[in-house]
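K.L.:
need the 3D shape of this:
(2 chains)
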Amino acid sequence: MKSLRFIVSRMLQSVPVLFGVSIVTFLLMIATPGDPIRLLVGVRASEETIALIRDRYGLDDPILSQYFTYLGNLLQGDLGASLRFKVPVSDLVGQFYPVTLFLVVYSIILILPPVVVLSVWSAKRPNGLADQVIRVLGVMGLAIPVFWMALLLARFFGVTLGWFPVSGFGDTFIEHLHHLFLPALSTAIWVIPILTRNLRSALLDEMNRDYVLAGMSKGLGEAQVFRTHVFPNSVLPTLNLFAVIVAYLLGGSVIVETVYAVPGMGKLMVDSILARDYFVVQGATLVFALTTIVVMLAVDLISGLIDPRINT
Amino acid sequence: MLNSRRLACATIVAASIASGVMAQDVVRIASPNKVTVLDPIASAAAGNIEAFGQLYARLLRRDTSGALQPALAESWTVSKDGLTYTFELHDAKFSDGTDITAQDVAFSLNRVAKDEASSYPAAFVPVKAFTAIDDDTVELTLEYPSAPMLSYMEIFNAGIVSMDDVQARGDEAFLTTPVSSGPFMVEVWKPNDRLILKANPYYWREGYPKVAGAELIEISDDNTRGSMIMAGEIDANRGVPFAQVDEMNANDGVTVPLEPSTLIYEIMPNHAVAPFDNINVRKAAAMALHREAMVKAMTLGKAVVANSTLPNALTYYAADVAAPSYDPAAARALLEAEGALGAEVTLMVTPQFEQAATLLKAQWDAAGFKTSVERVDPGLWWDRLTKGEYQVTVNWWYNETEDPDLAVRWAVCGTCGNKSYYTNYNNEEVNAMVEAALREQDDTKRSAIYGEIQRISTEELAQIPLYYPPFANAYSTRIKGLTLTPSLQWTLEEAEFVE
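P.N.:
Numbering: from 1, shown residues only, chains lettered A, B, ... in the order given. So this is what the prediction gives:
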């Protein structure tokens, strides 16, 4: 009951956040020079034709009235329609969002097990051989630019070996797993080192706490102290960092989506910005904001489960 | 339990891999150009042009040699004064099985010519009206003669749409699955991702298309398209960077034939603002450039250095005109004489011209300009260009037909609606010749007028020509018969799989 109230209050808090996001996006879009109609109709069209079509789309109305029209529609759950395709923004989001969500969840599945294994392994013997190797590999993973790594993986595993497709999303669940493996791997390669470093140092901190010594002196085995006390206590800071990264992945999937031609939100967002497709950019931004809010909320709830002292 | 599940998984994986090597009957084309509308009059952007041709048949078509052939019109006559064209239609059907009648043809072509939302009516300005005489006969009347009018019956926006469908559904008709008259019809359109086409069973050309369907996939990244064709995931890659041509050709199963285009790349000075309103400053800017070396660097020697303001693939192209040749000392002297030494110029470029910008800045600065480079995205580029808010920029254009009429209207005519590609070049003599050449029915005289237009506009440097590139598209060796014509149309109906 208590956590239900917490969830409801957090959702209520998100309303002003979303409102703010919509205003900022709208202002940014109208402040960006460039005419969506020119880009839509093509370079050969005359000024008269462009003006006529602008008027038909209501883009000549005063800016404030455009915003209020938009907001009015939004309150009724209508995200508006794409200027380019004339289809509802919600349809486009419905088409592209699941792809990105699949990619992010897939990346998380590839990320979490290695993070736990590698950081525990590192922390067991700080500055031992394994720790050194893991650290060097981590620095390499962090230092290689994502687009370059993605391109190399595509050329090697896709073109040379032919093990994985280098583009697309596929039609069935198995195909999705097959098509998105390289994109998810490219993402995992730079996220794993960040989380591993974080978790390793948290583990080392906790292992040197007094309660560890106390537990051992009372006869608890090392393994049990580690599993039931050290690990849960170390996970919290990493979990919060993880939440930030997940939120970032949802919005920042642009690079891997571009390199692997994955038809996800990153592609929709970039193309819409380039085409000045205002309402799609607005709608996509709101969806990103909402997702971030939900991810943060989920992490707060999980943190509360791990450490009941965190006030929910 | 676990084992049987794992086995099932493995079987599915194996099956999904195997399906990739099953006999393929759909041609997959990856292009950076996006399909944004399916209404042939609504856009003249490259991605749309490339799709329109597959969906909408025209009265005439071009064969593989580029010659005009009957299509929906099986024959035609032209009156002596060149003002009346009468087309006899072939028996043909739309993709929904209804007949393509003269009423449909007149409706479609009047839409292109007269609808105020028609994005590119330039070719149809002389049109008085298209009229259906009976079910199989269409009459075109003109206000004044237009020598290339017949060839305009073949361009991308002259496609025939279903009058009944458009009148019944209005703009909705083109939102998802328009009724098509061309070799293909829409199976599914996934906006911002791909257009999936299937063969139109009612297409008028019997035995065509030879493939079951096609996918036009939007892939903006050059490297991604490169990986895709080398991995066999697509059959054609629209737009291979010149630097990747050799790598592609070295790959088994991929070829990059360099195909003729009507493209021209050029430097565009704004004639309405200083310093390029001064012809001597434009001359100095041209003489400062070693264009042969630039073209070699930018295209790895795969393009021809341009000499005229018009593409070299056009009829009446003048091989004997030339922009001033490389002479940096003379360029400096010219700037000095004009008091323009050290003139500050801002070069506006989109990301694809990063290399050109570096080369231009180095050479212009060496000759006495002070160049700064301003980088903008394409949306902003068009905005600034059409408003005339720039000093100089670089870009390309192409022509829909081999006839130069539309080309001169676009690039060097100050009164044809586009202010000479928005460079504000405006020479009244040239403007008058553009109109005269359209009406001239005598081939020799037309040739002379277009020669003169090119001589004047090149001498006055309406734009500084850079190069004429070929199309560099990569094709899988699994297919044959697929090319991109100079008018940006895929020959998809002729394409077939070898095997």
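K.L.:
where in the chain is pLDDT low?
P.N.:
Picked chain A for this. Applying pLDDT under 70 to chain A flags residues A:1, A:252, A:311-312.
K.L.:
my bad, chain B
P.N.:
Using pLDDT under 70, chain B drops low at B:1-23.
K.L.:
quick one: residues contacting B:Thr315.
P.N.:
Applying CB atoms under 8 Å, 6 or more residues apart in numbering or on different chains to B:Thr315 gives the contacts B:402-404. In this view, the C-beta of every residue, glycine as well, is placed from N, C-alpha and C.
K.L.:
of those residues - the most surrounded one?
P.N.:
B:Pro404 (28 neighbours; other CB atoms under 10 Å in any protein chain shown).
K.L.:
that one reaches B:Gly451, doesn't it?
P.N.:
No. Taking contacts as CB atoms under 8 Å, B:Pro404 lies outside contact range of B:Gly451: 10.2 Å.
K.L.:
what residues are shared contacts of those two?
P.N.:
Counting by CB under 8 Å, 6+ apart, the residues touching both B:Pro404 and B:Gly451 are B:Tyr316.
K.L.:
closest one of the contacts of B:Thr315 to B:Pro275?
P.N.:
For the contacts of B:Thr315, the residue nearest B:Pro275 by CB to CB is B:Pro404; the value is 30.1 Å.
K.L.:
leaving out chain neighbours, which residue sits closest to the closest one?
P.N.:
In space, and not counting its chain neighbours, B:Pro404 is closest to B:Leu314: 4.6 Å by CB to CB, 6 or more residues apart in numbering or on different chains.
K.L.:
neighbours of the one you found, just the number please.
P.N.:
Neighbourhood size, B:Leu314 [other CB under 10 Å]: 23.
K.L.:
same question, B:Ala30
P.N.:
Counted with other CB under 10 Å, the neighbours of B:Ala30 add up to 27.
K.L.:
show me what the longest helix seen in chain A is packed against.
P.N.:
The single longest helix within chain A, with elements called by DSSP state H, is helix A:89-124. When contacts are defined as 3 or more CB pairs under 8 Å, 6 or more residues apart in numbering or on different chains; DSSP states H and E, helix A:89-124 packs onto helix A:129-143, helix A:181-207, helix A:231-251, helix A:254-259, helix A:265-274, helix A:278-306.
K.L.:
which residues touch the fourth one?
P.N.:
What that stands for is helix A:254-259. By CB under 8 Å, 6+ apart, helix A:254-259 touches A:100, A:103, A:146-147, A:150-151, A:154, A:183, A:186-187, A:262-267, A:269-270, B:220-221, B:223-224.
K.L.:
now the end-to-end length of stretch B:262-281.
P.N.:
End-to-end span of stretch B:262-281 (CA to CA, to the nearest Å): 29 Å.
K.L.:
hmm, that stretch touching chain A?
P.N.:
No. Stretch B:262-281 stays clear of chain A (CB under 8 Å from any CB of the partner chain), getting no nearer than 12.6 Å.
K.L.:
now do the buried residues in that stretch.
P.N.:
B:262-271, B:275-276, B:278, B:281 (16 or more other CB atoms under 10 Å in any protein chain shown).
K.L.:
quickly find the element holding the residue nearest to B:Pro404.
P.N.:
Using DSSP states H and E, B:Leu314 sits in no helix or strand.
K.L.:
likewise for B:Val245?
P.N.:
Assigned by DSSP H and E, B:Val245 falls within helix B:245-249.
K.L.:
wait, doesn't B:Lys198 sit right on B:Trp189?
P.N.:
No. B:Lys198 lies out of contact with B:Trp189 (CB under 8 Å); the separation is 12.0 Å.
K.L.:
these two - which one has more neighbours?
P.N.:
B:Trp189 (21 against 17).
K.L.:
not counting its neighbours along the chain, what's nearest the more buried one?
P.N.:
Excluding the flanking residues, the one nearest B:Trp189 by CB to CB, 6+ apart is B:Leu195, at 5.2 Å.
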